[in-house]
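1. this one's structure only:
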């Protein structure tokens, strides 16, 4: 079974721009979660989607948003990029919403200059 | 809000040494517990998990972890490490009550030297 895939793998953007990252979960998985990973803060939860609805949201500004499609694929968007948004953005999928094991993708490395 | 503490930021061991990585969480209710590993250049992989039952759980590659409820701990162990165990290890906790997300510790970098 194919794992979680994320595109693009690497991205360089300029301050003020916006970016969209994509995630395809493992086939049959309906929950998708997004995390930001930085050396200083570690892994921080952004949001979780299940059945096209946002079920949970972390403590990030409104510039960070996401959505999930009917095929469970998910996108996250960051508007008005700041230097501090440079990070590895990880997507994880799970069979169900809630406290279940998650399977992670390779991440998208975003660099904001 | 729940939080996870991993006490060791960087651990350096020689091959064949025994490993124990500490993980403590702060949450009074029932939790699911996980250890994830991130090998250099690879994505996060699930090492082992505890949902219920026997508090000593065994995972892949010879790793095990023990859940001690009274100490709010879920320490990771391996009797004899190999060079290939060099990686970053993350403890994670998910509360069963309330709509709470998976919370990760800041990670412990393990370097195994020959």
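-> Perfect, thanks for sending it. None of the values given here were measured: they were computed from a predicted structure.
2. who touches residue B:111 in this structure?
-> If you count contacts by Cβ atoms under 8 Å, 6 or more residues apart in numbering or on different chains, residue B:111 has them with B:10-13, B:86. Where C-beta positions appear, they are placed from N, C-alpha and C, glycine not excepted.
3. part of a helix, is residue A:22?
-> No - looking at residue A:22 with DSSP: H, G, I helix; E, B strand; the rest coil, it is strand, so not inside a helix.
4. picking that back up, which of the contacts of residue B:111 lies closest to chain A?
-> residue B:10 (12.4 Å; Cβ to the nearest Cβ).
5. that older thread, give me the buried subset of the contacts of residue B:111.
-> B:11, B:13, B:86 (16 or more other Cβ atoms under 10 Å in any protein chain shown).
6. quick one on the thing from earlier: output the contacts of residue B:111 as a markdown table; include the columns pLDDT, distance to chain A and secondary structure.
-> Formatted as a markdown table, the contacts of residue B:111 follow (pLDDT from 0 to 100; distance: Cβ to the nearest Cβ, whole Å; DSSP: H, G, I helix; E, B strand; the rest coil):
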| residue | pLDDT | distance to chain A | secondary structure |
| --- | --- | --- | --- |
| B:10 | 96 | 12 | strand |
| B:11 | 97 | 16 | strand |
| B:12 | 98 | 19 | strand |
| B:13 | 98 | 22 | strand |
| B:86 | 97 | 17 | coil |
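7. Low-confidence stretches in chain A?
-> A:1 (pLDDT under 70).
8. Checking the spatially most central residue of it next. Helix, strand or coil?
-> For chain A, residue A:34 is the residue whose C-alpha lies nearest the centre (Cα atoms, centre = their mean; 3.3 Å). At residue A:34 the chain is in strand, as set by three-state DSSP.
9. how about the nearest residue to it, chain neighbours excluded?
-> residue A:46 (4.1 Å; Cβ to Cβ, 6 or more residues apart in numbering or on different chains).
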